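[1] Sequence plus the predicted model coming up.
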Amino acid sequence: MGQSVSAGIDEEDGSIVRCDAFREAAERGDVAATMATMSPGVVLRSPVRDEPLSGREAVTRLFAVLLPAFDDLRFIESYTSVRGGELLHFVWRIGNQEAEGVDVMHFNGDGLIEDYRVMLRPLSAVTALRDVVFSRLPPGP
């Protein structure tokens, strides 16, 4: 099981949590700063698409629509695994639809996110995300 962390410092061993820059940028709604935490070859697996999004350009198009669509995005817990993966537990709203989710992140040797998996609940939130966000995405590869 991962270790609980707070304020970017692992309470057990004092190590820095790499997802802090992502968390801080996403909470501010700063797309450029959020994307600066991701590797050029990042792969994002979404709960509303069968195929992953690959590459920083494709993920940037998603986050340019996604972050402004969220109301009150807050990361409430984070964990790190002994293998170096990190998990962020978050809550948010789209309109009146409240939701929670988990981001699972793995990093490359430069400390950038290379594998990013998103899980959300409840189903009505997943549907709202699909309807609001993915309907606004520009076409692309």
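    Nice, I can see it.
[2] Gly84 belongs to a helix, doesn't it?
    No. Under the criterion used here (DSSP: H, G, I helix; E, B strand; the rest coil), Gly84 is coil, not part of a helix.
[3] Touching, Leu120 and Asp103? I think so.
    No. With contact defined as CB atoms under 8 Å, Leu120 does not count as touching Asp103 (10.0 Å). No exception for glycine: its C-beta is placed from N, CA and C like everyone else's.
[4] now Arg93, what's its secondary structure?
    At Arg93 the chain is in strand, as set by three-state DSSP.
[5] could you show me where the strands are in this structure, in order?
    Counting by DSSP state E, the chain has strands at residues 3-6, 9-10, 38-45, 53-54, 71-80, 86-94, 97-107, 113-121.
[6] between these, which gets nearest to Ala26?
    strand 71-80 (6.4 Å; CB to CB).
[7] Give me the distance between the closest one and the centre of its chain.
    9 Å (CA atoms, centre = their mean, to the nearest Å).
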